[in-house]
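Novice: Based on what follows, work out the 3D shape:
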Amino acid sequence: MATVAENRYGKEGVRLVRVHRSPYNGNTFDEWTVRVLLEGDFDSSYTEADNSKLLPTDTMKNTVYYLAQRTRATAIEDFAKELVDYLIKHHSQISAVNVDVDRKSWTNIVTSNNVRHPTAFTQGSNEVQFTNVRRPRHGNFTIASGLRDLKVMKTADSNFVRFYRDKLTTLADSTDRLFGTSVLATWTFEDASAITDYEKTRQQIRSLMLDLFAAHQSESVQHTLYAMGKLVLDSVKSVNKIQLTMPNLHCLPVDLSRFGEENKNEIFMPIDEPHGYIQCALTRPPPKAALSSKL
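Specialist: I've put the predicted structure just below:
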């Protein structure tokens, strides 16, 4: 005897390009990839081969395109919330909806005379912005947003010394190393319903992390990661948790002595693997009143 436990199903990889055309302000160009997952009264589809409650995943795909045409949302969080609400409203067998949206980074081309072109765009990096939005039928939204593949590099102010050593340690102290990483950051909101501008919040968090990374006197990836996350929590009160993943993308100094040259810490060989992998979640401490009430 087998009993159906947690289950969900949906549509993965719904790709969408949306162009908003304006004769006055120029066009906008968005490239999104959407995933929809449904939870609900679907046990009979597993146990009795009864498809009567299954909304086809092809219909979910069509719903994405239908709402993309009708929506006025510009932030991926707002579009995801609309998609969640639509599915719950129109299908009584659904108990909860999860929607993930990834957005690629496209910006207007700036011409050689420093003019923003109104209808032409470039994809300047592999950076992806994303959100995960979930709501049960009789509950509130939970939203976790973030960005990934934000590649950054420091060529100064980066050390790694006085680390723990054992008999197999061969790494030397470094007081002037390159520090490259590809940032994955995910933040959750204290009260998702109170956010009025998700895009503004995303750009604020991104700018805070980049400014800190550039200016920080780093003693390790961990040291800089913590400082970046702390600055976000101190500055953006709507965020109550941030998780950062920052691999240490190594650039190794090349030995030029074989060629009769001195490497003045200027020539490096980048390697993809193996590399360090550092991950940490930071949360804001609960208010003092909440702490005292538990004592």
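
Novice: how far out from the middle of the chain is whatever helix or strand residue 234 lives in?
Specialist: Per DSSP states H and E: residue 234 is located in helix 221-235. Here helix 221-235 is found 16 Å from its chain centre; the criterion is C-alpha atoms, centre = their mean, to the nearest Å.

Novice: and it, what other elements does it pack with?
Specialist: Judged by 3 or more C-beta pairs under 8 Å, 6 or more residues apart in numbering; DSSP states H and E, helix 221-235 is in contact with strand 179-189, helix 198-215, strand 239-248, strand 276-283. Where C-beta positions appear, they are placed from N, C-alpha and C, glycine not excepted.

Novice: mind redoing it with 7 Å?
Specialist: Other elements packing on helix 221-235 under the criterion 3 or more C-beta pairs under 7 Å, 6 or more residues apart in numbering; DSSP states H and E are helix 198-215, strand 239-248, strand 276-283.

Novice: Dump it to CSV, restricted to CA.
Specialist: Extracted C-alpha coordinates of helix 221-235, given in CSV (Å, rounded to 0.1, in the frame of the first residue of the first chain):
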residue,chain,number,x,y,z
VAL,A,221,36.0,35.8,0.9
GLN,A,222,34.2,35.2,4.1
HIS,A,223,35.2,38.6,5.4
THR,A,224,33.9,40.4,2.4
LEU,A,225,30.7,38.3,2.1
TYR,A,226,29.7,39.1,5.6
ALA,A,227,30.3,42.8,5.1
MET,A,228,28.2,42.8,1.9
GLY,A,229,25.3,41.0,3.6
LYS,A,230,25.5,43.1,6.7
LEU,A,231,25.3,46.4,4.7
VAL,A,232,22.2,45.1,2.9
LEU,A,233,20.4,44.2,6.2
ASP,A,234,21.5,47.5,7.8
SER,A,235,20.3,49.6,4.8
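
Novice: Give the rounded mean pLDDT of it.
Specialist: The pLDDT scores in helix 221-235 average 98.

Novice: Which residues in that helix does the neighbour count mark as buried?
Specialist: By 16 or more other C-beta atoms under 10 Å, the buried positions in helix 221-235 come out as 221, 224, 225, 227, 228, 229, 231, 232, 233.

Novice: That one vs strand 179-189, what angle?
Specialist: 30 degrees (axes from the mean of the first three to the mean of the last three C-alpha atoms, to 10 degrees).

Novice: which ones are touching residue 81?
Specialist: 133, 141 (C-beta atoms under 7 Å, 6 or more residues apart in numbering).

Novice: Distance-wise, check it relative to residue 34.
Specialist: For residue 81, the distance to residue 34 equals 13 Å [C-beta to C-beta, to the nearest Å].

Novice: and what of residue 196?
Specialist: Taking C-beta to C-beta as the measure, residue 196 and residue 34 are separated by 23 Å.

Novice: Mind checking which of these two has more residues around it?
Specialist: residue 34 (26 against 9; other C-beta atoms under 10 Å).

Novice: all helices in the chain, in order from the N-terminus.
Specialist: Ranges of helices in the chain, per DSSP state H, are 43-47, 57-70, 76-90, 198-215, 221-235, 288-293.

Novice: Just say which of those helices is most tucked in.
Specialist: helix 76-90 (a mean of 20; mean count of other C-beta atoms under 10 Å).

Novice: any idea of the mean pLDDT in that one?
Specialist: 97.

Novice: list the contacts for residue 102?
Specialist: Neighbours of residue 102 in contact, by C-beta under 7 Å, 6+ apart: 32, 33, 128, 130.
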